[in-house]
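Chemist: The sequence isn't on hand, but the structure is:
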Ligand SMILES: C[S@@+](CC[C@H](N)C(=O)[O-])C[C@H]1O[C@@H](n2cnc3c(N)ncnc32)[C@H](O)[C@@H]1O
């Protein structure tokens, strides 16, 4: 098994028993995915579903007649449906072993090989082609705290101080959004849900009252306290910055942030939503 996949499997094994702790985060994710869903929305696809501790799958089945779960880690998906007593429910469809960045074909090579100019050009060419949709187009497609893993993967691959890392991160972000939008049926909704910073670099994150969270985070962002590639101001403006994204949707809107109690740290999470252009 390649080292990246192995790392994801270990992380998922270590975070199996977190259902209670994720309650508040799960509630926010579920509100986004289930509210304002039109009556004719039938299918939803979740990217990075993993153990699905951030998803109430039974609630999703009240709104959607088909729920597709996609992840690199098939074992985590099996755990997810077992935990929520849905192992034999045919309308929950698992797509395990799917690499949504195509990164695993690069991670087995020697580190030095990944850092030379030709290898960087190869990666950039690879990211120019969005991932193939893992299943038929769905009415709603959501990436749940996956983009941070993909950006971390590319930083690990080429090294965090590589001069061309910003170019690669930009390409990964664009690849991810394009993939999400192309997996969404015309007139559907695509969501990018992502961590932007954590209590590791903003220790008072855990104690800020909810009404003050947005302003407190805005101050941190102004001080450039956010994960590489996950500056909310950039994420929100990607439809204008990247024609390849802009031509697939009606713009991107940001939802109010919330907190995710992960255990060792708390994350500030934001969600971005785009409606795909309707076919008529
Ligand atoms: C932070 S977890 C998301 C939390 C998860 N929804 C849960 O509640 O357990 C990120 C997920 O993305 C998956 N992942 C990471 N890289 C991936 C890739 N290249 N393709 C598909 N899935 C990937 C991991 O296996 C993991 O399950």
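Modeler: Everything's here; your move. From a predicted model like this one, the values you see are computed outputs, not experimental measurements.
Chemist: What's the first helix or strand after the helix or strand of the chain with the lowest mean pLDDT?
Modeler: The helix or strand of the chain with the poorest confidence is helix 111-115; it has a mean of 68 (mean pLDDT, DSSP states H and E). Remark: after helix 111-115, the chain's next helix or strand is helix 117-127, criterion DSSP states H and E.
Chemist: Which elements pack onto the next helix-or-strand element following that following helix?
Modeler: Downstream of helix 117-127, the next assigned helix or strand under DSSP H and E is strand 138-144. Secondary structure elements in contact with strand 138-144, counted by 3 or more CB pairs under 8 Å, 6 or more residues apart in numbering; DSSP states H and E, are helix 23-34, strand 43-47, helix 165-182, strand 184-198. In short, each C-beta sits where N, CA and C put it, glycine included.
Chemist: give me that answer again for 6 Å
Modeler: For strand 138-144, the packing partners by 3 or more CB pairs under 6 Å, 6 or more residues apart in numbering; DSSP states H and E come out as strand 43-47, strand 184-198.
Chemist: so which of those strands gets nearest the ligand?
Modeler: Of all the helices and strands packed on strand 138-144, the one in closest proximity to the ligand, counting by CB to the nearest ligand atom, is strand 43-47 (6.7 Å).
Chemist: Contacts only, for residue 146.
Modeler: Counting by CB atoms under 6 Å, 6 or more residues apart in numbering, residue 146 touches 47, 48.
Chemist: secondary structure class for residue 87?
Modeler: Assigned with DSSP: H, G, I helix; E, B strand; the rest coil, residue 87 falls in the coil class.
Chemist: element containing residue 253?
Modeler: strand 249-261.
Chemist: Tell me the gap between that strand and the middle of its chain.
Modeler: Distance, stretch centre to chain centre, for strand 249-261: 12 Å (CA atoms, centre = their mean, to the nearest Å).
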